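1. Any chance you could fold what I've pasted below:
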Amino acid sequence: MKDIKLEKVERKPTSQLQDVWKRFRRNKMALFGGMVVVGLILVAIFAPYIATHNYSSQNLTNRLSAPSSEHFFGTDGYGRDVFSRVVWGSRVSLQIGFGAAGIALLIGIILGAIAGYYGGWVDNLIMRFTDIVMSIPALFLALTIISLFGASLVNTMIVIGIIYWTRTCRIVRGEFLSLRNKEFSEAALAIGSGDARIIFRHLLPNAMAPIIVQGTLFIAQVILIESGLSFLGLGAQPPVPSWGNMLTEGYKFLSIAWWIATFPGLAILVMVLFFNLLGDGLRDALDPKQKIA
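-> The predicted model follows:
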């Protein structure tokens, strides 16, 4: 019998980023969700070129017109083009989504990192404060603060950010409690690295995976919160178009002009759905326990 030689197949080493990409692209729904999210971001960036009309231009002689070749999504009660307002509304929603998520992540990361790294009474103090904030109904607190300081895009962004940081804080604290006893952390401490260097140079980069996932999912949540506040008249103020205040204007004409509320509602649905799909895909891809086939 002939000797059978087994050839050793050498597999080229891959970076962590390449492994994450391979895991992510296997999830077709997450990949599609990421493509849609990128498309929505591009729509928001190029809104002035995509919109077919000025979002605030009124034409009372053409009010409540059904969708047509001139007005793709019809017109509202003031004769404004609904398609253009939906396109501009994407910019408002994403501005608030990314802005509020950034504020919430910043507060949550700082407090969670301090609590998880130092532990003891510092951890206990920060966690009890976090529990107090979580015990207050978020929507009630948001309505109260916005009523006191006025409704605007900036105020809405700040209020949502300073109310919804608690979950990020808990996630970062848990990661730091686990990482601070690892060998690389003890080695950094042994060579005389300061606390700030250990936190931001060694621990925080290793805790970024759940933070990225939380941020992605939180953007979708913020869009829903902003839409609810705008629906109540405490979000973006007219004439600035927001999907929430478009729903407020549209529900009055729902029986005779369904398109005014339907298209902003569908836009919210698409935005939130695909951000959640992207977040779920990132959560699986960034999990080191996942194996690449």
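2. Return the lowest-mean-pLDDT helix or strand in the chain as PDB; C-alpha atoms alone will do.
-> Scoring the helices and strands of the chain by mean pLDDT, DSSP states H and E places helix 183-190 at the bottom, with a mean of 74. Taking Å, rounded to 0.1, in the frame of the first residue of the first chain, the C-alpha atoms of helix 183-190 are listed here in PDB:
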ATOM      1  CA  GLU A 183      -2.900  39.500  35.200                       C
ATOM      2  CA  PHE A 184      -2.400  42.400  32.900                       C
ATOM      3  CA  SER A 185      -4.000  44.800  35.400                       C
ATOM      4  CA  GLU A 186      -1.900  43.500  38.200                       C
ATOM      5  CA  ALA A 187       1.200  43.800  36.100                       C
ATOM      6  CA  ALA A 188       0.400  47.400  35.200                       C
ATOM      7  CA  LEU A 189       0.000  48.200  38.900                       C
ATOM      8  CA  ALA A 190       3.200  46.400  39.700                       C
END
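3. Now do it: distance to the chain's middle.
-> The chain centre lies 34 Å from the centre of helix 183-190; the measure is C-alpha atoms, centre = their mean, to the nearest Å.
4. ditto for stretch 219-239
-> Centroid separation between stretch 219-239 and its chain, computed with C-alpha atoms, centre = their mean, is 14 Å.
5. who does the least confident helix or strand of the chain touch, helix- and strand-wise?
-> Applying 3 or more C-beta pairs under 8 Å, 6 or more residues apart in numbering; DSSP states H and E, we find helix 183-190 packed against no helix or strand. For every residue, glycine as well, the C-beta is placed using N, CA and C.
6. Tell me which residues of that helix come out buried.
-> Along helix 183-190, these residues count as buried under the neighbour rule (16 or more other C-beta atoms under 10 Å): 185, 188.
7. Check stretch 70-88 too.
-> When burial is assessed from 16+ other C-beta under 10 Å, stretch 70-88 yields the following buried residues: 71-76, 78-88.
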